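after the sequence you'll find the predicted model.
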Amino acid sequence: MGVSRPFAGKYGLSSAPLFPPQNHSLLPQTLINRLLFRYAPFRLLTACRTVNTHPKNVRTTAETAALRSQQVPILYASIPVSLLGNALIALILAGIQSQVLAASALLIWLTVLGVALAFRWLLLLRYRKASQPEPDLWLRRFRLSMLATGVAWGLASILTFPVNTLPHQAFLAFAIAGLTAGANTTLSVDRQSLLAFTLPTLIGLITRLLTAGTTMHIAMAAMVMLYLLFTDMIARRTHAAIVENILLRHAGTLREQALRSSMERMKQAQQIAHLGSFEWDLRNNTLQWSDEHFRLWGLPPHSTTPSQALFLRGIHPDDTDKVAQTIGNARRSRQRYTLNHRVVWPDGSERYMQNRGEVVTDTVGNAVAIKGTVQDITERRQTEEDLRIAAIAFESLEGIVITDTQKLILKVNRAFTHITGYSSAEAIGNPLGALLKSSYHDSDFYRQLWQTLDNEGSWQGEIWSSRKNGEAFPAALNLTSVTAKDGVTSHYVATFFDITEQKKSAALIHNLAFYDPLTELPNRRQMQDKLQFALLAGLKHHQHGALLFIDLDKFKELNDTKGHHIGDLLLVEIAKRMKRCVGNDDTVSRQGGDEFVVILTHLSDDFDEATAQAEQVAEKIRDAINQPFNLQGQDHYSSTSIGISLFRHNEFSVDELLLRADTAMYQAKRCGRNTIRFFDPTTHAAMEVRIGLEADLRTALLNNEFSLYYQIQTLDSGYITGAEALLRWHHPEQGLIAPVKFIPLTEEIGLITEIGYWTLETACIQLKAWADNPATAHLQLSVNVSPRQFHQDQFVEKVSAIITNTGIDASKLKLELTESLVLDDMNDTIKKMNRLKKMGVQFSLDDFGTGYSSLSYLTQLPLDQLKIDKSFVHNLTLKNADNVIVQTIIGMAITLGLDVIAEGVETAEQAAFLKANYCYHYQGYLFGKPVPLAEFEAALADMPPIKQD
Ligand SMILES: Nc1nc2c(ncn2[C@@H]2O[C@H](COP(=O)(O)O[C@H]3[C@@H](O)[C@H](n4cnc5c(=O)[nH]c(N)nc54)O[C@@H]3COP(=O)(O)O)[C@@H](O)[C@H]2O)c(=O)[nH]1
């Protein structure tokens, strides 16, 4: 089978016959070849399977398949018409031939033909039913059916050939010629089918004509053969044209499909690459956009007609000028351009585009179009940005190491080199584990580290690593495994900081927080922690511990006289000596100032023995501190007061213990310093009361809880000369509290000055009130002054201010001073008294007789009165010694020209004795107890003053 030359050339097919004749010059041989090779029934039946391997006549399998798929339906579609034609011709032929032939012969032939046609009919039915008919198979079946039909028609020439009637013979030949002519048109789509039909049909006729033997018959046979030859030639041309047509259509379809799929692929590729294309025809200002271009502008493909306005509308306003300028320049210069700009989608989101274009020119160089592409580079930009940030981050101050899955180093950053000393080249390829190794951790540590990393994907912690120079350094390390999308670990990343400085700072902070910077001893906080530990867990069962509260005696004086730097030197030396006095398990701490606390642990189970042990250590400390100190070349002697409190497992809280030791220390101070005292519960109770009172006292003045009571001072005649103002504290819970219970405390805590001025001012206000009333204008008021208040620098000024402010007659104010006050600093006392004296203030020496009571100092003081202490008055007439003392005091007063008053006069006998001994001025319960103002004034009214002679 061949195809036409042009077609074959175009499609690589050959028009050469499948079995070309070997020698064209030999006509009989050619004929034989044709008959044997080209027209042999066997050849016909197998032709569709034959593969032509001739290089110039190669038809692709696809083309063959396409040909088959076109041929078979055409052939089967021709069956109904063909059957009808066959049946009609057969019946007409049988009708005509029956005139001259036996019916039996015709019947046989008709039956044979009927079977062949029925076979074709059934074949058609089965073909129609086949869901996916296999073209080769159905073609072979078709050809077989045509061969059967051809044989049946060939038999017609043998069985229905009338021997004697030429017209009937001619009719037969005419019918067969018509039949084959019809087949030539319907079967030329497949030459094999055509030949399968025509050859047996005509060979039957030719054979019958030749066997008739007449010249006419031989001529007819020759004519039939010529007919066969020419119809075959026509059939070949028709067939070639049909095949070419089919293959052309097939090739066209293929090209179209290829083009379509190529277009589709390009569209997909553009969509995947976010690459749109455009063409701008400058002559008519029209734009063509690809689907993707629309999408890049945030629009559905071809939802609108692309235009310059649409293009510019999509550009970010800030980029419009740049875009217009770049494209304008390209248009003028005919140059290609590339520019990046933003596009704002209708929903407001922004995308980054890369726009490339080139100018198309006509033959004379005029710009006629701009073609180009637009690509969404938002993700790429983001990735580039991420990479840039990652690169910056990689070069952070943190050491970074990236390893492969074998934990072999792939990459390190500059900080890594800076910290470890290893260059990138030295590190890469080495195991990370080797870098992390140091003698600070055992193998278990590293095993757990890698295990945690493998199991949990990360490890964080502090690790000691080594630098290149062998120096170990602490690092805060973070190990993380990097997993790919499939969850498989692809890398490990180690980030670390050198925390050497942090560690140093932390140690410094710790020292500052827990140690006293001067002595380097544990400070109060650490002492409390240690004490807490000793109480909870530090002591074995039943074992005792002891807390020593140590306060230096007169340290303030050293500080004040020699300066703080000398005081600091002493504290440092004392800390050293103390440390030498205790065991390794014991703690010496500095509380602040000159206070130290020592915790002794592991003392005996036996209380007495533990007491002895603690006392022994305390004495050792006291003795050590009693040794002279050399402070900048000068000897200094110091002493301490030590309070001790013993404790056992969790018996007391830290605060309780400290309070106990402090109380004991306070006791030691009161016992004359350089003393050791153990905590005594009685003292403690007193201390607790004292502490409570102290707290209350601090708010008493503010809360107006103080008042003055007044006690009459009278002459023997009953003339009331005045009163002594005595302070009273109305405690909100405890009621009235006597001065003996709180005055000493106010002196200790320094509140006495403030309270003293309140007393003085209140008394002066009262004096002024009395002065304004003629009935009381003569009254004097005695006010007690505490030593601390009197020795205050501003005492005189303050008293003066009160006198001035209240507007009293200063001579009506009598300040009572004690002997101890006066003797404490005689010079200062005399100066102050003289200054006040000049204002008119009077002075009485209180509690006289209980102290020094020396004439020598009395003469130096500007006194007005001596007040005989009530302790002597109490035993008057009962105790001769007191009688003598009182008589002596009265004598001294008379000698010095001073007034004398006796206090504590409770009985008439006492008053009589005093009067008999020339003391005419009294104060005591006999005349009146200290009472509130109203009572005092009522008593005044009841006891009208008796005029003195
Ligand atoms: N610095 C200040 N000291 C003050 C002030 N007010 C009082 N005091 C001192 O408190 C001490 C006790 O005083 P008080 O309890 O008020 O006792 C006084 C009298 O009540 C008591 N007195 C007087 N007469 C008798 C008596 O016949 N019998 C007796 N048993 N006691 C009597 O004497 C105290 C007065 O003493 P004195 O001041 O020494 O004259 C006492 O030391 C007060 O000084 C104050 O405001 N400031």
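Here it is on my side, so go on.

use CA for all of it now, contacts and neighbours both
Will do.

from Y757, how far out is T746?
Separation of T746 from Y757 (CA to CA, to the nearest Å): 13 Å.

wait, A484 touches Y492, no?
No. Counting by CA atoms under 8 Å, A484 stays clear of Y492, with 11.5 Å between them.

okay, the two: which has more neighbours?
More neighbours surround Y492 than the other of A484 and Y492, with 24 against 10 (other CA atoms under 10 Å).

how about that one, secondary structure?
At Y492 the chain is in strand, as set by DSSP: H, G, I helix; E, B strand; the rest coil.

ok, the one 5 residues further on next?
Following three-state DSSP, the label given to F497 is strand.

neighbours around it, how many?
If you count neighbours by other CA under 10 Å, F497 ends up with 19.

from V841, how far out is the residue of the chain most remote from its centre?
When distances to the mean C-alpha position of the chain are computed (CA atoms, centre = their mean), the maximum falls on N164, with 117.7 Å. As defined by CA to CA, N164 lies at a distance of 194 Å from V841.

contact partners for Q99?
Not one residue lies near Q99 by CA atoms under 8 Å, 6 or more residues apart in numbering.

what parts of the protein come near the ligand?
For the chain, the residues in contact with the ligand (CA under 6 Å from any ligand atom) are 726-727, 738-740, 756, 759, 784-786, 846-847, 903-906, 923-925, 930.

cutoff 5 Å now
726-727, 739, 784-786, 904-906, 924-925 (CA under 5 Å from any ligand atom).

now, these that are in strands?
726-727, 784 (DSSP state E).

and which of the residues you listed is nearest W770?
Nearest to W770 among those, counting by CA to CA, is L726 at 17.0 Å.

report pLDDT for the residue nearest to that closest one when sequence neighbours are not counted.
Counting by CA to CA, 6 or more residues apart in numbering, L726 lies nearest to Y709, which is 5.0 Å off, once chain neighbours are set aside. Predicted confidence (pLDDT) at Y709: the value is 97.

and S871, by the same measure?
We have a pLDDT of 89 for S871.

give the contact list for the closest residue to it other than its chain neighbours.
Leaving aside its chain neighbours, S871 sits nearest to G904 (7.6 Å; criterion: CA to CA, 6+ apart). By CA under 8 Å, 6+ apart, the contact list for G904 reads 869-871, 873-874, 923-925.

show me which of these are buried.
869-870, 873-874, 923-924 (16 or more other CA atoms under 10 Å).

from the ligand, how far off is L914?
Distance from L914 to the ligand, counting by CA to the nearest ligand atom, to the nearest Å: 14 Å.

ok, and the closest non-adjacent residue to Q70?
Nearest residue to Q70 in three dimensions, chain neighbours excluded: I246, at 7.0 Å (CA to CA, 6+ apart).

and the pLDDT at that neighbour?
On the pLDDT scale, I246 gets 84.

so that it lines up with my notes, have the first residue be 3 from now on.
Yes, from this point I'll number from 3; that puts the last item at I248.

ok, it touching L69?
Yes. Between I248 and L69 there is a contact under CA under 8 Å: 6.4 Å.

picking that back up, how about a markdown table for the contacts of G906, with distance to N331 added?
Listed next are these as a markdown table, based on distance: CA to CA, whole Å:
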| residue | distance to N331 |
| --- | --- |
| D871 | 121 |
| K872 | 122 |
| S873 | 123 |
| V875 | 127 |
| H876 | 127 |
| Q925 | 122 |
| G926 | 122 |
| Y927 | 123 |
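
those in helices, which ones?
Mapping these onto helices (DSSP state H) picks out 872-873, 875-876.

which among these gets closest to the ligand?
Lowest distance from the ligand to these (CA to the nearest ligand atom) belongs to K872, with 6.9 Å.

am I right that the closest one is in contact with E908?
No. Counting by CA under 8 Å, K872 sits too far from E908 to count as a contact (9.5 Å).

spatially nearest residue to the residue in the stretch 303-452 of the chain that the ligand sits nearest to (excluding sequence neighbours)?
Ranked by CA to the nearest ligand atom, the top residue of the stretch 303-452 of the chain for proximity to the ligand is Y442, at 70.4 Å. Closest residue in space to Y442, ignoring its immediate chain neighbours: W466 at 6.2 Å, by CA to CA, 6+ apart.

ok, the one you found - how many residues close by?
The number of residues packed near W466 is 18, by other CA under 10 Å.

where in the protein is pLDDT low?
For the chain, the stretches with pLDDT under 70 are 3-60, 540-543, 685-686, 853-857, 945-951.

tell me how far the helix or strand hosting F744 lies from the chain's centre.
Element membership for F744, per DSSP states H and E: helix 741-750. Distance of helix 741-750 from the chain centroid (CA atoms, centre = their mean, to the nearest Å) equals 62 Å.

so which bits of it are buried?
Quick answer for helix 741-750 (16+ other CA under 10 Å): 744-745, 747-749.

stretch 345-357 too?
For stretch 345-357, by 16+ other CA under 10 Å, it's 345-347, 352-357.

in strands only, show me the residues you listed.
Among these, the members falling in strands (DSSP E) are 345-346, 352-357.

find the closest residue to the ligand in the stretch 353-502 of the chain.
Nearest to the ligand, among the residues of the stretch 353-502 of the chain, is T502, at 63.3 Å (CA to the nearest ligand atom).
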